[in-house]
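J.: Output the structure for:
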Amino acid sequence: MLAGVWGRRGQGAIFAGATACCCLALATLSASLARAKFSVYPTIVEVQRPAGKAALGRIDVKVTGERRARFRVVVQDVGQGAGGEYTYGPASRSPHSASPWVSVTPRSFAGAPNRVQPIQFQVSIPGNAEPGDHLTSITVQRLAPKAAGTTARSIEAVSVRLTVRVAGPLHPRAAITALAVPGLVDGGPVAVRTTVRNTGNVTLDFEGANRGVVRIRDGSDTKATLPPFEGKLFPGQTREFLGEWAEPPLFGSFDAEAAIRTAKGKVTARTAGFTVLPWREAGALALVLIAAVLLYFGWRRRRYGY
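T.: From the prediction side, this is the model:
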């Protein structure tokens, strides 16, 4: 009897001990995974040189708890999405790309031991390079171990945006390629979408010397000014700026006018007309009036017999 009780208690103790050990192991593994990380500094680099010259630089990758990881360093093109977000893709020979000019050392390294890994880069600008801004990125990719039975592996990446400004005349220019506003609006808000392309050779900073804004006009009278454009637009890139007129009047005809003034004072503008008309309310009122007329004639027919 006592042996049976001890056996059951002993098994329970062993099970509890094993469970505690598993929990401790999982906690230790989780803590180890939580500490595993890497960071890159700086994340934005700007280089200015004449055509035909070279520049050297360095970025630092701090690795901590990355014992099983390997890292790869690649040069990628930088683009922008419609909302201005940065996109990264294979290096190309686009006229606005600096990717073919950049080399890095080392191109790969191990995650252990914990340290700061320096990455040296060299920018070799061709003698026939066009003046202005050329963009690229130095991307550090963390290659996780391959999953068992597969050839796939997950990749985490941090990109350093590198702008190479080649000395020479700078031409800040922009084209408003589209101004979208509904032709007929049933009250507010009135959404306005402005599509802008950088047609110059220098990055446009709309929070700096360049300005972009949409105004709502009624003839020569400005009814509203929407929030100004924000962010940057790289050479050769296109993005959209969204705004809305929150409280238009009940009805009227108006023009949305988008205008951009660059750092050198050049103004580009585009307009699109629209009408504010509460057609849903007008339609409902018309139905009520029709119903009232029908009821009235129905009542006259019953009362007077015609």
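
J.: Check which residues of the host helix or strand of Ile119 are buried.
T.: Using DSSP states H and E, the secondary-structure element containing Ile119 is strand 115-124. Within strand 115-124, the residues that count as buried by 16 or more other C-beta atoms under 10 Å are Gln117, Ile119, Phe121, Val123. In short, each C-beta sits where N, CA and C put it, glycine included.

J.: And these, which is closest to Arg49?
T.: Of all the buried residues of strand 115-124, Arg49 sits closest to Val123, with 7.2 Å by C-beta to C-beta.

J.: leaving aside the residues next to it on the chain, what's closest to that closest one?
T.: Nearest residue to Val123 in three dimensions, chain neighbours excluded: Ala55, at 4.5 Å (C-beta to C-beta, 6 or more residues apart in numbering).

J.: In a helix, the one you found, correct?
T.: No - read with DSSP: H, G, I helix; E, B strand; the rest coil, Ala55 is strand and lies in no helix.

J.: Could you report the neighbour count for Tyr88?
T.: Look at Tyr88: counted by other C-beta atoms under 10 Å, it has 15 neighbours.

J.: Please compute how far the helix or strand containing it lies from its chain's middle.
T.: Element membership of Tyr88, judged by DSSP H and E, is strand 86-90. Distance of strand 86-90 from its chain centroid, counting by C-alpha atoms, centre = their mean, to the nearest Å, is 11 Å.

J.: What lies in contact with it?
T.: Gln76, Asp77, Val78, Gly79, Gln80, Gly81, Ser137, Thr139, Ala157, Ser159, Arg161 (C-beta atoms under 8 Å, 6 or more residues apart in numbering).

J.: would you turn the buried residues of strand 115-124 into CSV with distance to Glu85 and pLDDT?
T.: Supplementary listing: the buried residues of strand 115-124 in CSV, determined by distance: C-beta to C-beta, whole Å; pLDDT from 0 to 100:
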residue, distance to Glu85, pLDDT
Gln117, 28, 98
Ile119, 25, 98
Phe121, 24, 98
Val123, 25, 98
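
J.: just to revisit the earlier point, name the strands paired with the strand holding Ile119 and say parallel or antiparallel.
T.: With DSSP bridges as the test, strand 115-124 is paired with strand 54-64 (antiparallel), strand 102-105 (antiparallel).

J.: And the longest one, what's buried?
T.: By neighbour count on 16+ other C-beta under 10 Å, the buried set for strand 54-64 is Ala55, Gly57, Ile59, Val61, Val63.

J.: Return the backbone torsion pair for the residue nearest the centre of the chain.
T.: The chain has Glu85 as the residue nearest its centroid, 1.8 Å off, counting by C-alpha atoms, centre = their mean. Dihedral pair for Glu85: phi -70, psi 150, per degrees, to the nearest 10.
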